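> Got a predicted structure plus its sequence, pasted below:
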There are 2 protein chains.
Amino acid sequence: MTSSARFEPTLADIEDAARQIAGLAVRTPLLESPVLNARLGGRLLIKAEPMQRTGSFKFRGAYNRISRLDDQQKKAGVVTYSSGNHAQGVAAAAQILGIPAVILMPADAPAIKVRNTRSYGAEVIHFDRYTENREAIGQKVCAERGAVLVPPYEDPYIIAGQGTVGLEIVEQAAAAKASLDAVLVNCGGGGLIAGTSTALKGKLPNVPVYAVEPQGFDDTMRSLKSGRRESNDPAARSICDALLAPEPGELTFSINRKTLAGGFAVSDDEARAAMATAFNDLKLVVEPGGAVSLAAVLSGKFPIKGRTVAVVCSGGNVDPDVFIAALKA
Amino acid sequence: MTSSARFEPTLADIEDAARQIAGLAVRTPLLESPVLNARLGGRLLIKAEPMQRTGSFKFRGAYNRISRLDDQQKKAGVVTYSSGNHAQGVAAAAQILGIPAVILMPADAPAIKVRNTRSYGAEVIHFDRYTENREAIGQKVCAERGAVLVPPYEDPYIIAGQGTVGLEIVEQAAAAKASLDAVLVNCGGGGLIAGTSTALKGKLPNVPVYAVEPQGFDDTMRSLKSGRRESNDPAARSICDALLAPEPGELTFSINRKTLAGGFAVSDDEARAAMATAFNDLKLVVEPGGAVSLAAVLSGKFPIKGRTVAVVCSGGNVDPDVFIAALKA
């Protein structure tokens, strides 16, 4: 496999990824709460990726990508940059495969994500999220060590791995006798939703898939409207640390512009309220960025009355202080 | 069905209960964390009953019992006494069946449990956990209203309903290619473990089942040793509000003395630490009394090195303040 190969993964690539990660990735549950359903007047299915290995969906793509390196590449190791969840996914996949991993993490990444990344045996290097160029730092480290860069989303094997979330939603919804009317997916760089929407389009072509982003980081929603990749204001801030990519990826947006039906943006307060609801009614720990799709439904921005809708809760790696603040809000 | 019928439920009764609750009770996931497994040196499977309807296993038994009342009984309604989880189970089951429900709850029950019980349309009457006799109050209300008392555990249909947890553990462990070496179950009055151990004995007769209780409320552990029902010191206190029964039930102990291999007791601090681990590594919200089996494993009281062990996390109805205290401990 060529590390620089770029193509849009197909349903077959996602099914291949599902075989590649089977037995290592967790087949996370598709949850449902009768209390929430009654409150919303519809049927809400929640894909619980906080229960994935490493606490977010990122392990799926990381393992699918890293496990396909050739022997020489494996020896030199891997490098990545990440706010935390991709870091843990790469570190855990590399550890399973016995490959050295260097992770560039923003200096303000949640402590739990830094600690967990180190616990998988990876080397962590910090950078400033707002003033330094993480891609440039990553390429420099790669050049020095001969290592392979594992990007967070601009890679067909990463996207195909994340797409297994979509495959599982289709299978688990069918097992629950749920006929999906729509699927909402959290969107940062767009890898999860590119893979998930590709799986959905392949299996259930008539079910619309929507992106949900934090307010101030709604680049994909605006890009879908304008037809070209729009950037976020560098001054924007959000507690949704997992979803702060500056603009859609080139590869991910080339997919998402064809597969997505539109987008929604939610506020930090709406994300916190969704975290509290997940605590009270689902007993699920969700991080701020992991809660935005759920927040779009709970806030009424995406009403589900009379409909059956799946949302992806994409991760649960949240520091206790941030979680406590959400419970107290 | 006679409301006073007392018999020891069999595997067939539990399989019948599984059919009765199918589609209404949640088939909760059997979780597994590679990080926890690596830390413990064994394979730990966690039955996630916080994700059950009403946030604990109690809905299983309550629905199995109340749905079998005859039409005249259903009209008069049901009464129960409960620290909170059984209250919610009864209230939710009664609401589904369109039956009036009166719930006697201790004055110090967690606010979330009182609020949720009322949200299912039940009438709540408070009593003092340490100075008043809840059985006597329950019988008085029954006499006044002609209602049927739904006991928390001293009833074969309740026990059979809770036993569906055991059936699912057997099926889900097999699906996960896990060969169980032992099962640990939280124990208050003993209904959950009586049903679960009966299911285990029927399906996997060589797998030992152990009771786990809070320190100061280890009546079942001591009763198993002495061979007769032992009481707890009325002065004992614990944060595990779901597990504070004064002594083993007569019916539940007649079962448990034959099905259980022994017991363990854990401290409040060990329960809190298990709640924090469930937050960090499982992303699961567990209440103090729901965490004692997990605590027995994590504390090393029940070592699982080289073994495959299932624990039941029995509930997740915990007030934010108590949860926050566990995260900060």
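Structure received. Numbers count the residues shown, from 1 in each chain, chains lettered A, B, ... in the order given.
> ranges for the helices of chain A?
Using DSSP state H, the helices of chain A run over A:11-21, A:34-40, A:58-66, A:71-76, A:85-97, A:111-119, A:134-145, A:156-175, A:191-203, A:219-226, A:250-259, A:268-277, A:292-298, A:320-328.
> Which residues of chain A lie near chain B?
A:26, A:29, A:31-35, A:48, A:50-51, A:53, A:55, A:92, A:112, A:119, A:279-280, A:282-286, A:316, A:320, A:323-324, A:327-328 (Cβ under 8 Å from any Cβ of the partner chain). C-betas here are computed from N, CA, C, even on glycine.
> can you put the helices of chain A in TSV and add mean pLDDT?
Below are these laid out as TSV (pLDDT from 0 to 100):
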stretch	mean pLDDT
helix A:11-21	98
helix A:34-40	92
helix A:58-66	98
helix A:71-76	94
helix A:85-97	96
helix A:111-119	87
helix A:134-145	88
helix A:156-175	97
helix A:191-203	98
helix A:219-226	98
helix A:250-259	98
helix A:268-277	98
helix A:292-298	98
helix A:320-328	95
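> Just the closest residue of the stretch 101-250 of chain A to chain B, please.
Closest approach between the stretch 101-250 of chain A and chain B, counting by Cβ to the nearest Cβ: A:I112, at 7.1 Å.
> Pull the number of nearby residues for that residue.
Residues lying near A:I112 (other Cβ atoms under 10 Å in any protein chain shown) number 21.
> Once you drop chain neighbours, what's closest to it?
A:D319 (5.1 Å; Cβ to Cβ, 6 or more residues apart in numbering or on different chains).
> returning to that earlier point: and the residues of chain A next to chain B, which are buried?
Buried members of those, scored by 16 or more other Cβ atoms under 10 Å in any protein chain shown, are A:26, A:29, A:31-35, A:48, A:50-51, A:53, A:55, A:92, A:112, A:279-280, A:282-286, A:316, A:320, A:323-324, A:327.
> Settle this for me: A:Q139 is touching A:L149, isn't it.
Yes - A:Q139 is within contact range of A:L149, at 6.7 Å (criterion: Cβ atoms under 8 Å).
> out of these two, which sits in the more crowded spot?
A:L149 (19 against 14).
> does that one have beta-bridge partners, and which?
A:V79 (DSSP bridges).
> That one and A:L251: what is the separation?
Taking Cβ to Cβ, to the nearest Å as the measure, A:L149 falls 14 Å from A:L251.
> Apart from its chain neighbours, what residue comes closest to the residue most central in space within chain A?
Nearest to the mean C-alpha position of chain A, by Cα atoms, centre = their mean, lies A:L192 at 4.7 Å. Nearest residue to A:L192 in three dimensions, chain neighbours excluded: A:Q162, at 4.5 Å (Cβ to Cβ, 6+ apart).
> same question, A:V309
A:A182 (5.0 Å).
> Can you report how many residues lie near the one you found?
A:A182: 18 neighbours (other Cβ under 10 Å).
> And for A:D128?
11.
> wouldn't it be in contact with A:P106 here?
Yes - contact criterion Cβ under 8 Å: A:D128 and A:P106 qualify, at 7.1 Å.
> For A:P100, which non-adjacent residue is closest in space?
Closest residue in space to A:P100, ignoring its immediate chain neighbours: A:G77 at 3.5 Å, by Cβ to Cβ, 6+ apart.
> Please apply the same query to A:K301.
Among residues not flanking A:K301 along the chain, A:F264 sits closest, at 5.2 Å (Cβ to Cβ, 6+ apart).
> Was I right to think the residue nearest to A:L192 contacts A:A62?
No - here A:Q162 lies out of contact with A:A62, judged by Cβ under 8 Å, at a distance of 9.5 Å.
> Domain-wise, how is chain A divided?
Domain ranges of chain A: A:11-56+A:156-328, A:59-149, per automatic domain parsing.
> possible to save these as CSV with distance to B:L11?
Output for these, formatted as CSV (distance: least, Cβ to Cβ, whole Å):
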stretch, distance to B:L11
domain A:11-56+A:156-328, 25
domain A:59-149, 38
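> so which of those domains is the most packed in?
Of all the domains of chain A, domain A:11-56+A:156-328 has the most neighbours on average by mean count of other Cβ atoms under 10 Å in any protein chain shown, namely a mean of 22.
> In CSV: the helices of chain A, plus distance to B:L243.
Putting the helices of chain A into CSV (distance: least, Cβ to Cβ, whole Å) gives the following:
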stretch, distance to B:L243
helix A:11-21, 39
helix A:34-40, 24
helix A:58-66, 35
helix A:71-76, 50
helix A:85-97, 35
helix A:111-119, 30
helix A:134-145, 49
helix A:156-175, 33
helix A:191-203, 40
helix A:219-226, 48
helix A:250-259, 49
helix A:268-277, 26
helix A:292-298, 31
helix A:320-328, 24
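> so which of those helices comes closest to B:L244?
For those, the distance to B:L244 is smallest for helix A:320-328, at 24.8 Å, taking Cβ to Cβ.
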